[in-house]
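J.: here's a sequence, model it:
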Amino acid sequence: MARHPHAPRLSPVVLASRREILARSALGIGGIAASLLARSESRGSEPLGDGGAATIDPLRPLGPRSPHRMGKAKSLIVLFQYGGPSQVDLFDRKPLLETLAGQPVPDSIKGISDQVGGVINHCKDSLLCPPWAWRQYGECGLWVSDRMPLTAEHADRLCVVRSMHSDSSNHAPATYQMNTGSILGGKPSLGSWLTYGLGSENDNLPGYVMLFEVGGLGGSANWSNAFLPAAYQGTRFRHDGRALANLEPPPGFAPVQRSTLDLTQAFNRGHLGGRPGQPDLEGRIATYELAYRMQAEAAGVGDLADESAETRALYGVDDPHRPTASYGRMCLLARRLVERGVRVVQLYNAVDKYGWDGHDKSHDFHERNSRQTDRPTAALLADLSRRGLLDETLVVWGGEFGRTPMEQGDGGRNHNPYGFTIWLAGGGVNGGRSIGATDEIGLRAVEDRQHVRDLHATILAAFGLDHERLVFPHDGRDERLTGVLGAARPIGGVLG
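T.: Predicted structure coming up:
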């Protein structure tokens, strides 16, 4: 049987024939739904390793599939810090900044070219000292500023990469790159690639969920499936109240909802039968069925009434400081989603359009955002751990770039793609470790430099996926999250 042109080429992949699909549809879509429910209860997964042949069923595109090799991570939570958090104010201590506060930038730094432009030459020739105290935490002795004291208590769980760099100093392109691997829109997101490669563990919820009040600059292109089948796009859930609006049918329609959908889907499948190999049509049919099944489970995801008072307090969901409460609900909902088998959950921190983006009074921005995110972030790590979920849940924290150690405006910092910090925890990560370094003032990554592509390769590796073999044929070439062959490699030392 010929390989379906839209099947993930993790290994030889065979798609069920159209004749088989139409034969199933003759039994009625309701019968198919019952079959899917039975299969979801068995939680079987199709192999995608060497020598295995996987069946990617258009009726169940999110069915779980096995990776290339054993991976510890089963779910991913991305805590995206929109706006560019300052590495030198949070996780990358530079004593020289304290010594040289207010003084000109050292000549050794000035002489380095500004490749992306508009970063160094838009700053003053003056170094800005972080006003925070710093402490060492955990057995590993990780230095963290007092803006993140609760997150720092998990130092021995964190793998901090201080030598990240990327290709753009503008928010939208840099955010695209962190989410999709490219500074240009129109590429599939990391969450889409993961659900494309591995499917999900719950037929009644999307495989990839977004949580935010203000998403990344550039909008939905940051969580798009792009040219991947439609089933792998991100779905936004609300974090306050019901997770999804309009889940319940109008009064009087519920008794005939299933039969109406059966008829609609029968027409859809007749249309699809004459148009083989149309992933958008397949995705639409699967989405109708997912929407129907979500009524049974999604309605309760956002209801926190079954959470204990202690858990609510841990996350700060009732904090009188609204931004903390908002982010706390997102973090708690992220735990509830991965607990229910959702593969990827991505949060954006911002409750306004600025986030960490402090071109003036940067310290005010960092005071505000750390107040908002520190407690919920620490709570998420603690809660995942005590529920036995952290070992199989990879948590990634970071923004689209960092900030300059030089002053911009009135006590602000400019964007800095040359050297910034991210951290990872859980999901097979070696905790209590720091990787790479920036220069003596924290401007550029100089030791064990890591590109965004390397971060993506590392995340895929945590799930047992080979980033060079996870491909999709598009416009005559094999597309990858990490670009052309040889352009990336997993970051050494992150994974056990």
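
J.: mind checking the longest strand of the protein?
T.: Longest strand of the chain, by residue count under DSSP state E: strand 158-165.

J.: what is the rounded mean pLDDT of that one?
T.: Strand 158-165 shows a mean pLDDT of 98.

J.: what of stretch 114-121?
T.: Mean predicted confidence for stretch 114-121 is 78.

J.: and what of stretch 445-464?
T.: pLDDT averaged over stretch 445-464 gives 98.

J.: kindly report the same for stretch 336-354.
T.: 93.

J.: and the helix or strand that comes right after the longest strand of the chain, which residues are buried?
T.: Later in the chain than strand 158-165, the nearest helix or strand by DSSP states H and E is helix 171-180. Going by neighbour count (16 or more other C-beta atoms under 10 Å), the buried part of helix 171-180 is 171-180. No exception for glycine: its C-beta is placed from N, CA and C like everyone else's.

J.: closest one to residue 110 out of the residues you listed, please.
T.: Distance to residue 110 across the buried residues of helix 171-180 (C-beta to C-beta) is lowest for residue 174, with 23.7 Å.

J.: count of residues packed around the nearest residue to the closest one once chain neighbours are set aside?
T.: Distances taken as C-beta to C-beta, 6 or more residues apart in numbering place residue 400 nearest to residue 174, at 3.8 Å, with adjacent residues excluded. Neighbour count of residue 400, defined by other C-beta atoms under 10 Å: 34.

J.: what about residue 400, distance to residue 178?
T.: Distance, residue 400 to residue 178, using C-beta to C-beta, to the nearest Å: 5 Å.

J.: quick one: common contacting residues for these two?
T.: residue 166 (C-beta atoms under 8 Å, 6 or more residues apart in numbering).

J.: so, low pLDDT: which residues of the chain?
T.: Residues of the chain meeting the criterion pLDDT under 70: 1-59, 111, 243-249, 252-262, 277-280, 283, 286-299.

J.: let's go with 80 and repeat that
T.: 1-60, 109-118, 240-270, 272-302, 350 (pLDDT under 80).

J.: so after the longest helix along it, what's the next helix or strand?
T.: Using DSSP state H to define each element, the chain has its longest helix at helix 362-386. Following helix 362-386 in sequence order, the next helix or strand is strand 393-398 (DSSP H and E).

J.: run the chain-centre distance for the helix or strand following that following strand.
T.: Once the chain leaves strand 393-398, the next helix or strand it forms, by DSSP H and E, is strand 402-403. Distance, stretch centre to chain centre, for strand 402-403: 20 Å (C-alpha atoms, centre = their mean, to the nearest Å).

J.: repeat for stretch 328-348
T.: 11 Å.

J.: ok, stretch 220-227 next?
T.: For stretch 220-227, the distance to the chain centre is 12 Å (C-alpha atoms, centre = their mean).

J.: and for that stretch, what's in contact with it?
T.: For stretch 220-227, using C-beta under 8 Å, 6+ apart, the contacting residues are 175-176, 179-180, 185-189, 191-192, 196, 208, 210, 215-216, 231-234, 346, 472, 474, 479.

J.: let me see the domain layout of the protein.
T.: Here the domain parsing of the chain from automatic domain parsing is 13-66+257-294, 75-241+301-479.

J.: part of a strand, is residue 136?
T.: Yes - assessed by DSSP: H, G, I helix; E, B strand; the rest coil, residue 136 belongs to a strand.

J.: look up the closest residue to it, ignoring the ones flanking it.
T.: residue 143 (5.6 Å).

J.: contacts only, for the one you found.
T.: 91, 93, 134-137 are the contacts of residue 143 under C-beta under 8 Å, 6+ apart.

J.: which strand residues bridge the residue minimising distance to the centre of the chain?
T.: The geometric centre of the chain, computed from its C-alpha atoms, lies nearest to residue 78 (C-alpha atoms, centre = their mean), at 3.7 Å. Using DSSP bridges, the bridge partners assigned to residue 78 are residue 346, residue 396.

J.: list the contacts for it?
T.: Contacts of residue 78 (C-beta under 8 Å, 6+ apart): 190-191, 344-347, 396.

J.: ditto for residue 156
T.: Applying C-beta under 8 Å, 6+ apart to residue 156 gives the contacts 138-140, 431-432.

J.: which one among those residues gets closest to residue 467?
T.: Among those, residue 431 lies closest to residue 467 (C-beta to C-beta), at 22.7 Å.

J.: number of residues surrounding the closest one?
T.: 21.

J.: what's the separation between it and residue 154?
T.: Remark: distance between residue 431 and residue 154 (C-beta to C-beta) = 8 Å.

J.: could you pull out the strands for the stretch 151-300 of the chain?
T.: Per DSSP state E, counting those that start in this stretch, the stretch 151-300 of the chain carries strands over the ranges 158-165, 208-211, 235-236.

J.: which stretch among those strands comes nearest residue 452?
T.: strand 158-165 (7.1 Å).

J.: other SSEs contacting the closest one?
T.: Helices and strands touching strand 158-165, by 3 or more C-beta pairs under 8 Å, 6 or more residues apart in numbering; DSSP states H and E, are strand 420-425, strand 433-435, strand 437-438, strand 445-447, strand 450-451, helix 452-462.

J.: of all these, which one is nearest residue 372?
T.: That would be strand 420-425 among the helices and strands packed on strand 158-165, by C-beta to C-beta, at 17.6 Å.

J.: who are the packing partners of that closest one?
T.: helix 87-90, strand 158-165, strand 393-398, strand 402-403.

J.: distance to residue 352 and mean neighbour count for the helices and strands packed on strand 158-165 - can I get that in CSV?
T.: Converted to CSV, the helices and strands packed on strand 158-165 look like this (distance: least, C-beta to C-beta, whole Å; neighbours: other C-beta atoms under 10 Å):
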stretch, distance to residue 352, mean neighbour count
strand 420-425, 21, 27
strand 433-435, 31, 19
strand 437-438, 28, 22
strand 445-447, 29, 17
strand 450-451, 30, 23
helix 452-462, 25, 25
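
J.: so which of the ones you listed comes closest to residue 375?
T.: Closest to residue 375 of these is strand 420-425 (C-beta to C-beta; 16.1 Å).

J.: just the angle between the closest one and helix 362-386, please?
T.: Relative orientation of strand 420-425 versus helix 362-386 (axes from the mean of the first three to the mean of the last three C-alpha atoms, to 10 degrees): 20 degrees.

J.: quick one: the helices in the stretch 51-200 of the chain?
T.: For the stretch 51-200 of the chain, the helices defined by DSSP state H, counting those that start in this stretch occupy 87-90, 95-99, 107-110, 149-152, 171-180, 190-198.

J.: okay, the ones you listed in JSON lines with distance to residue 65 next?
T.: Below are those laid out as JSON lines (distance: least, C-beta to C-beta, whole Å):
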{"stretch": "helix 87-90", "distance to residue 65": "37"}
{"stretch": "helix 95-99", "distance to residue 65": "48"}
{"stretch": "helix 107-110", "distance to residue 65": "48"}
{"stretch": "helix 149-152", "distance to residue 65": "34"}
{"stretch": "helix 171-180", "distance to residue 65": "22"}
{"stretch": "helix 190-198", "distance to residue 65": "6"}
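
J.: of all these, which one is nearest residue 373?
T.: helix 149-152 (8.2 Å).

J.: and for that closest one, what are the contacting residues?
T.: In contact with helix 149-152 (C-beta under 8 Å, 6+ apart) are residues 135, 137-138, 142, 144, 158, 374-375, 377-379, 381.

J.: the same query, at a cut-off of 10 Å, please.
T.: 79, 90-91, 133-138, 142-146, 157-158, 370, 373-382, 397, 423, 425 (C-beta atoms under 10 Å, 6 or more residues apart in numbering).
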